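Undergrad: This is a predicted model, with the sequence first.
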Amino acid sequence: MRLPRWFHLLGSPPFVYGLAGRLVPWLRAIAIVLLIVGAYWGLAVAPPDRVQGEVYRILFLHPQVAYISMMAYVVMAVSAGIGFIWRIKLAHAVAVTAAPIGTTFTACALATGAIWGRPTWGTFWQWTDPRIMSETLLLFLFLGYLALRAAFDDRDKADRVSAILAVVGVVNVPIIHYSVIWWNSLHQGPSFMKLDKPSIAPEMLTPFLIMIAAFTVCFYWLLLNGLRGQIVERERDTRWVKQLVGGHEA
Amino acid sequence: MEFLRMGGEAAYVWSAYGITLAVVLFNAWWARWTHQQALERARASLSENRTLKKPTVRQVE
């Protein structure tokens, strides 16, 4: 089977660098508009919750941030796996770029969850809650991936060894998602991502979905933005980067 | 004003939104900074190579 030309171009650093440069301004603009609309709708337009009152408005960003943390890990693991198997350096660059984004979003998910938990459950933290613990494990997987990379001076070796950790750790992602179904948890069961009708009122579901779209676009904006720096760093001695930074020896 | 008070839960709601905004802004700044640093290093590497390639007086003679 012949693969289309654009598919092969996705393995070319200069092509991806240019493509990311063209996509970043659009993704940034879309992300900012969606974040503003979703936050305004969630904070000012959606009615207060009958049980939780106003504090439920944190739920217009906490689940979305947690979802991005899982998506960042999947992107990191899949890219690292592709880089490991087919020895594509650009795939490793994607994995390395996704790691700090995922780390900060995971920490943010834990922080916003703790802030929401205090007035709702009466506690910031619950050591026996499977979802909190599996999300905390995700944070340590990200930190472990970054620490493992930092332990090697040779980038190629760091790419290969850290890819194994990334791929093995991906098993934690379905555990986070299904933890509320498999074990007793303070967290409620799925209210949106389930097979039958979502159990959220439509006036709350709309800003919830807008914020999911906003954070998804935001993640890819941040990923492509960071990927450009990672590509330049890895391709520093190539002809096209020398041309890019103003050299004439190409 | 009532909007800012969030029914007495302002500290929880606004701190959660503030932390999330800070995370997004930090990631945007970090990507920009690392890109600039990478370009700077590439420039430095290029000028270093040019300096090394300049012939010495003995080579010219």
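TA: The structure has been received and is ready for your questions.
Undergrad: Show me what counts as buried in the least confident helix or strand in chain A by mean pLDDT.
TA: Counting by mean pLDDT, DSSP states H and E, the weakest-scoring helix or strand in chain A turns out to be helix A:5-9, with a mean of 79. Neighbour counts over helix A:5-9 (16 or more other C-beta atoms under 10 Å in any protein chain shown) mark no residue as buried. For the C-beta atoms, the positions are set from N, CA and C on the backbone; glycine is no exception.
Undergrad: Give me the residues contacting that helix.
TA: For helix A:5-9, contacts defined as C-beta atoms under 8 Å, 6 or more residues apart in numbering or on different chains pick out A:15-16.
Undergrad: after that helix, next one along is what?
TA: helix A:13-40 (DSSP states H and E).
Undergrad: In terms of secondary structure, what does that next one contact?
TA: When contacts are defined as 3 or more C-beta pairs under 8 Å, 6 or more residues apart in numbering or on different chains; DSSP states H and E, helix A:13-40 sits against helix A:89-121, helix A:202-234, helix B:10-53.
Undergrad: What average pLDDT does it get?
TA: Helix A:13-40 carries an average pLDDT of 96.
Undergrad: How about stretch A:109-125?
TA: Computed over stretch A:109-125, the average pLDDT equals 93.
Undergrad: Same question for that stretch: list its buried residues.
TA: Result for stretch A:109-125 [16+ other C-beta under 10 Å]: buried residues A:109-117, A:119-120.
Undergrad: ok, those residues vs A:Val173, which is closest?
TA: A:Ala109 (13.1 Å; C-beta to C-beta).
Undergrad: Am I right that that closest one is in contact with A:Val65?
TA: Yes: using C-beta atoms under 8 Å, A:Ala109 is in contact with A:Val65, at 4.6 Å.
Undergrad: near chain B, which of the buried residues of stretch A:109-125 show up?
TA: A:111-112, A:115-116, A:119 (C-beta under 8 Å from any C-beta of the partner chain).
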